[in-house]
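Colleague: fold the following.
(one chain, ligands or ions: 1)
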Amino acid sequence: MGTIIDGKAVAKEIQKEVREEVEGLKRRWGMVPGLGVVLVGDDPASHLYVKNKEKACKEVGIRSEEHVLPATASEKELLSLIHNLNRDKEIHGILVQLPLPAHIRSEKILEAVSPHKDIDGFHPVNQGLLLSGGEGFQPCTPMGIMKLLDSVGCDPKGKNATVVGRSNIVGKPVALMLLARHATVTICHSRTAHLKEEVGRADILVAAIGKAGLIRGDWIKPGAVVIDVGVNRLPSGKLAGDVEFDSAKERAGWISPVPGGVGPMTICMLLFNTLKAVKESLRRET
Ligand code: NDP
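Modeller: The predicted model follows:
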């Protein structure tokens, strides 16, 4: 029977390290890390995500500054806000909460964020650096997944890793990170012909689909490390992952739950990246 990977505990540990470093920066350089949070419209889920991120910032001593624009705001207005945040010396990281309203081109906005302040790792420069193995900002959820693997002593080297999902924010970047750590990586998606077989080969399985219980427990390779990224609201109101948890747990070596697995890691990596942005700004100045 698999052991549960406690994302909350791992996140707490990393948060503690971030807090200590933030305190050190204040003592040594009198510097307070600043995060500019941009929110457009009144989607309740986005407001809740932003509140949670701001709360986490506060807990580690990062100053967050919220900029809320109405759903009717134009692309030009949003671009002008981003340019101001790019120039602001007290803002080290910029977070644009997605999704943006349909009339705004997300890619145009994400490209406008300075790559030095792109703590979400969505800018094409940072995506390119991830692809080529360079030092840039990497997206938070995939980073959190890699930290969870490390937390249970799972070295991807030489292992078969299957990633189900190929989005730019989770599937593709986590596949690249696993490849960089020498796993043999398979990426599956909605047109994959034999999903069950691909999953059955995985020593490491990352499910990032957005469909409750799509990955059946009896598909899991015995002893596999299973990371479930999916967040799905069931008709009962409960949250569920993409993997059938109870049956998968019987076969897996390790398994991350939903909630309490990847979710806390995503926010934690946002703090980590904001701290990294401050340290890099210091390096550029000295
Ligand atoms: P997307 O909708 O962008 O991507 C979903 C992927 O799943 C696509 O690549 C799609 O394939 C694939 N897919 C859909 N149906 C199937 C199927 N039947 N078989 C195989 N693959 C399939 O989602 P995201 O990557 O943004 O998010 C995935 C999940 O992770 C969501 O539940 C989201 O809420 C959650 N999430 C959780 C986070 C956290 O912090 N806990 C952070 C980010 C996301 P195709 O490309 O062919 O369409």
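Colleague: tell me the phi and psi of residue 164?
Modeller: In terms of degrees, to the nearest 10, the main-chain angles of residue 164 are phi -100, psi 120.
Colleague: could you find the closest non-adjacent residue to it?
Modeller: residue 188 (4.5 Å; Cβ to Cβ, 6 or more residues apart in numbering). Yep, even glycine has a C-beta here, placed from its N, CA and C like the rest.
Colleague: can you give me the helices in the stretch 1-150 of the chain?
Modeller: Assigned by DSSP state H, counting those that start in this stretch, the helices in the stretch 1-150 of the chain fall at 7-29, 44-60, 75-87, 106-112, 124-132, 140-151.
Colleague: comparing those by mean pLDDT, which bottoms out?
Modeller: Here these differ in mean pLDDT, and the lowest is helix 44-60 at a mean of 94.
Colleague: give me the contact list for that helix.
Modeller: Residues outside helix 44-60 that contact it (Cβ atoms under 8 Å, 6 or more residues apart in numbering) are 15, 18-19, 22, 35, 37, 39, 63-64, 66, 95, 97-99, 267-268, 270-271, 274.
Colleague: filter the residues you listed down to the buried ones.
Modeller: Taking 16 or more other Cβ atoms under 10 Å as the criterion, what is buried in those is 15, 18-19, 22, 35, 37, 39, 63-64, 66, 95, 97, 267-268, 270-271, 274.
Colleague: filter these by proximity to the ligand?
Modeller: Subset of those in contact with the ligand: empty, counting by Cβ under 6 Å from any ligand atom.
Colleague: can you tell me which of the residues you listed are in strands?
Modeller: Among these, DSSP state E puts 35, 37, 39, 63, 64, 66, 95 in strands.
Colleague: need the residues you listed in CSV with pLDDT, can you?
Modeller: Putting these into CSV (pLDDT from 0 to 100) gives the following:
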residue, pLDDT
35, 98
37, 97
39, 97
63, 98
64, 97
66, 96
95, 97
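Colleague: ok, now which ones touch the residue nearest to residue 164?
Modeller: By Cβ under 8 Å, 6+ apart, residue 188 lies in contact with 162, 163, 164, 165, 166, 195, 198, 199.
Colleague: quickly find the element holding the first one.
Modeller: Following DSSP states H and E, the helix or strand that holds residue 162 is strand 160-164.
Colleague: residues in the stretch 51-200 of the chain within reach of the ligand, list them.
Modeller: Neighbours of the ligand within the stretch 51-200 of the chain, by Cβ under 6 Å from any ligand atom: 141, 164-167, 169-171, 188-192, 195.
Colleague: let's see which of those residues end up in strands.
Modeller: 164, 188.
Colleague: ok, and the most crowded of the residues of the stretch 51-200 of the chain next to the ligand?
Modeller: Greatest neighbour count in these, by other Cβ atoms under 10 Å, goes to residue 164: 27 neighbours.
Colleague: so what's it bridging to?
Modeller: Counting by DSSP bridges, residue 164 is bridged to residue 188, residue 207.
Colleague: verify the contact between it and residue 204 for me.
Modeller: No: when contacts are counted by Cβ atoms under 8 Å, residue 164 is not listed as touching residue 204 (11.7 Å).
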